[in-house]
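1. Pasting the sequence and the predicted model now:
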Amino acid sequence: MAVRGQVNGCRTLGVTGPPGAGKSSLINALVQEMLPHYPRTAILTVDPSSPISGGAVLGDRVRMAEHSANPNVFIRSLATRGHLGGVTRMTRSVMDLLAAGDMDLVIVETVGTGQSEVEVAELTNVKIVVNAPGLGDEMQAIKAGVLEIADILVVNKSDLPDAARTAAHLNAMLHHRGHDEHRSVVCVSTVTRDGLKALADAIEIKFAQLAADSTLAVPRTASARLLLARAVADRAEDMIARTVDPRIDVLVEDIAAGLLSRQDGARTAIGLLGELRPVSNARD
Amino acid sequence: MAVEDSAYGRWQQTVAARYKDRSFVARNRSGVEVEPVYSGLDRMGNEAEMPGQYPYTRGIYPIHYQYQPWMDLQIIGFGLPSQTRKRMDLLLEQGGSKGYFDREAYNFIFDMPTSMGYDPDHPGVRGSIGDCGISVCKASDYEVLLDGKDLSKTTVSLVLNAGSPAMLGLYLAAAKRRGFAFDKLGGNLTNYIWDFFGHSGGTNFSPRGSYRLIADIASYCAQHVPLWNPLTISEHNICEAGADNVQAVAYSIAAIIAVNEECVKLGIDPDSVVPRFGFHVRYGENFFEEVAKTRALRRVYAKVNRERFGCKKSGSLQARIHAQTAGSLLTVQQPLNNLVRNAYGALAAVLSGANGMTINAYDEALGLPTEEAVTLSLRTSQIIAEETGAVQVSDPFGGSYYVESLTDEIERRVFEIIADIDDRGGLIACIESGWIKQQVSAAAYKWRQEIESGERTMVGVNKYTTDEPEQYAVFKPDPEAARLAIEDIERHRRDRDAARCSAALEKLREAAVEVSEGRTIGSVMENLVAAAEADATLGEMQAILHDVFGRNK
Amino acid sequence: MQDNAPNPRVLLTKSFIDSHDRAIATIALALRDAAMEVVLIDYEQPEDVVTVALQEDVDIIGLSFMSGGQVETTQKIVAELKRRGVDDLPLVVGGVIRPFDVPPLEEAGVREIFRGGAPLADVVATFQRLAKAYRGYA
């Protein structure tokens, strides 16, 4: 089954941004705004699994309590489960099922500091990147790769005094990118609800363009390169972590014993990658 | 004098010779390394400070318990106002409820719906009505609770969370109806609306809304209810949520910084409100650390208010401390052990120079305290005050090599955390990003793991356990309380002047918007009093405040 | 460990008006460290717990009570589980559970009751066991 996006009219929206940007609260408020047009809405929140235990604490849903009782809003908390491009594959499967299940809108929330958010966002028709004032170094907060994928940039918490500065900063970043840059910055506040309508409208326009021009769904070249790099890194990480190959074990032991530098170990390991056999016990 | 020639140097050599490589360094709750003994060499060059002098490390009064003992405030409250009133009368008979200067004093705790600002008929709260606190939702409830009391001679402490602003409205309205002038009313509002630990849900106000409301209440009280303490910063709650002592003191000070910054932003002179702010501090498992953290808290508070906010009034520099023993240390297993734990906690508070005291009931881990347990808590305080002689000397640990050194170390670490919070954009940003909550949860988890591994002992839980059968009396709340409370509020809504009440609530909304948008300050509290006088309920007022100031998301 | 059972998914929850979250936060971290995926919510209506449990496809529900509501809330959740045909989904309860709460909780079908001081290892093992049994892996 390959059901996605336009096929049966299900729209998909990706929301990413740094911790503390207020993504969950924004989705909570945005869903209220969009529900009249998309009566059956699903929200997927993706949070990292613990790299040590593989477990996860999934707390985003707490901020969406208003929709808990609404049978037409389906919320599911997903953990990245780390490996084998697992996030992308698993999220895609869930999205397919939801689309097939006649959802009108699927929203995917990811934390914009991890590894896989760019890939996950690529699964959606329209991507918004959320930032907020007071998160410290803004250059740090929005990483270049995340900025690449954004269709709409949002400054959340616009009721705060520093919001204008954050918006100006983002606008300046866009300006430096040159003439073919047409994206804009939308300021919203979930407290005053200012800007929510404008954001919903901006998303609507993107959805409409998408229907009119199928090339929009294709990632830009720069972001495709980034996606490839990330996918390679993810895959390599997974193979190293799960393989039972004795040659890798030797490298690991040598690094642990301080006999081999990580860099040298990595060079050797890359050479071995093509021969490794992954062992998976992930729950997909 | 070189170290090796000193008494300390000779001691070090003896230890090294006798115990070889063995280390006797321990770690306390906050991870500070504690030497087996301290010497004067740990603290050179510090001139002796006296109690009642800046920066108040040794206490805020030149003479303290010798002149005025601490105020015993046992927690009281369950069921309906009439049921709590019976318990109050019993406590008074036992010699409790004593405030300063012959006032009566009551420390009211409310059930969770009330504490969070919900009426008993709100769907979803039914199972909790009157359980673990009193159910209060209208001004007339205080007529039952405080029937016949002279409110100008009664200190009332209202312990609650997000429901605080509206609750103060109810109390003031009740006092006004009975003809008491506001400038004679004394008491505390804990006002834990700023509290950022246990409130993952949306019952609390948004962090920014909380601080605006605190400024509103503080400025109103400074003008109209000058003897009222409108804010208690709860170091206790932070510790109980799992933070270590250093974190708890640092986050408490950070909260004061956030309140003061809000006041300054709104044009309120900190010196006009800060003297009425106070602390609620927890006394738990590490005896000396508790004393040192109290001394460090007073010192840091004084320095921050003077140096960072330019406060000049001595009252702005003196941290008043209400002590409470640690509820999270009370065990279900061998519950009588809790009596001993509470006594040590209370003693640490007294040796720290606390101003008020709540000693938990030993059976609280089992449920609501029984009358016997409440009496024993009071007796614990009385024994310390009147038998042990601990009240004869102020700051008895002053000059102790160990306690002085630990006080300095805690102060240093607290300032480090405050600098970190400043770097992260201030306390509100740290609450919003979830950073504070992560820090606290991690500390709580670490503590629990120490219990699991046996690294930390809890007698009767992970050591010296027994398979005793449970045979303790447990207080059972009245199952009828919920039904009665709901009937009562329904009757109240039917009988009141509905038009007058809605008009007052509409005015409250208008005032809230004005305050929220920064055009005026103090008028939310003024209109809460007016709405409560017009028979608005706690939940109705809260709904408006939630709407305007936002919920914690 | 040769075990093909998937990592359990757990719903941990407390009432929206209960401000005590130390216990629930600690248990969440312990379950995470035992490779479980833990969904946390504060419920407004007891029935919401069941909606969330179904949407999240959890294998077990843990309820925390520190300030009242122990029996009444649990009974409502159990009734809703029955109404929606998932009364085999295991339910465990923890926190301040008084002696007089125990018989009605047991009668409601609560699988395990944890009171203050219960060893984390026992708590984790119980979640593990009940969740796996629910999925048919034990």
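-> Nice, thanks for sending it over.

2. near chain C, anything from stretch B:415-432?
-> No: contact of stretch B:415-432 with chain C is not found when judged by Cβ under 8 Å from any Cβ of the partner chain; the minimum separation is 14.3 Å. Using the backbone N, CA and C atoms, a C-beta is placed for each residue, glycine as well.

3. export that stretch as CSV, just CAs?
-> The C-alpha trace of stretch B:415-432 is given here as CSV (Å, rounded to 0.1, in the frame of the first residue of the first chain):
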residue,chain,number,x,y,z
PHE,B,415,25.5,31.5,42.5
GLU,B,416,26.9,29.2,39.8
ILE,B,417,23.4,27.8,39.1
ILE,B,418,21.9,31.3,39.1
ALA,B,419,24.5,32.4,36.5
ASP,B,420,23.7,29.3,34.4
ILE,B,421,19.9,30.2,34.5
ASP,B,422,20.8,33.8,33.5
ASP,B,423,22.8,32.4,30.6
ARG,B,424,19.8,30.3,29.5
GLY,B,425,17.6,33.4,29.3
GLY,B,426,16.3,33.5,32.9
LEU,B,427,14.0,31.3,34.9
ILE,B,428,10.9,31.6,32.8
ALA,B,429,12.7,30.5,29.7
CYS,B,430,14.1,27.6,31.7
ILE,B,431,10.6,26.5,32.8
GLU,B,432,9.3,26.8,29.3
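
4. If you count neighbours, what's buried in it?
-> Applying a neighbour-count criterion of 16 or more other Cβ atoms under 10 Å in any protein chain shown, one finds B:F415, B:I417, B:I418, B:I421, B:R424, B:G425, B:L427, B:I428, B:A429, B:C430, B:I431, B:E432 buried in stretch B:415-432.

5. which of these lies closest to B:I521?
-> B:I428 (17.9 Å; Cβ to Cβ).

6. re earlier: the buried residues of stretch B:415-432 in strands, which ones?
-> Among these, DSSP state E puts none in strands.

7. all helices of the chain, in order?
-> Chain wasn't specified; assuming chain A. Here chain A has its helices, by DSSP state H, at A:23-34, A:86-100, A:117-122, A:138-141, A:144-149, A:163-175, A:196-212, A:221-242, A:246-256, A:262-272.

8. ah, I was thinking of chain C
-> C:22-33, C:46-55, C:70-83, C:102-108, C:120-135.

9. closest one to B:M88 among the ones you listed?
-> helix C:70-83 (26.4 Å).

10. check contacts around the closest residue to A:D102 other than its chain neighbours.
-> Of all residues beyond its chain neighbours, the one nearest A:D102 is A:R40 (6.3 Å), with distances taken as Cβ to Cβ, 6 or more residues apart in numbering or on different chains. By Cβ atoms under 8 Å, 6 or more residues apart in numbering or on different chains, the contact list for A:R40 reads A:N72, A:F74, A:D102, A:M103, A:D104, A:L105.

11. okay if I get those as CSV plus pLDDT, distance to B:E104 and neighbour count?
-> Shown next, in CSV, are those (pLDDT from 0 to 100; distance: Cβ to Cβ, whole Å; neighbours: other Cβ atoms under 10 Å in any protein chain shown):
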residue, pLDDT, distance to B:E104, neighbour count
A:N72, 86, 55, 13
A:F74, 94, 56, 19
A:D102, 86, 66, 10
A:M103, 91, 62, 23
A:D104, 92, 63, 18
A:L105, 94, 60, 23
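
12. how near is the residue of the stretch 151-284 of chain A found nearest chain B to chain C?
-> Nearest to chain B, among the residues of the stretch 151-284 of chain A, is A:V191, at 4.2 Å (Cβ to the nearest Cβ). The span separating A:V191 from chain C equals 19 Å under the rule Cβ to the nearest Cβ, to the nearest Å.

13. tell me the contacts of that residue?
-> The contact partners of A:V191, taken as Cβ under 8 Å, 6+ apart, are A:K157, A:D159, B:S206, B:R208, B:G209, B:G550.

14. Got the phi and psi for the nearest residue to the last one once chain neighbours are set aside?
-> Residue nearest to B:G550 in three dimensions, not counting chain neighbours: B:S206, with 3.6 Å by Cβ to Cβ, 6+ apart. Here the main-chain torsion angles of B:S206 (degrees, to the nearest 10) amount to phi -60, psi 150.
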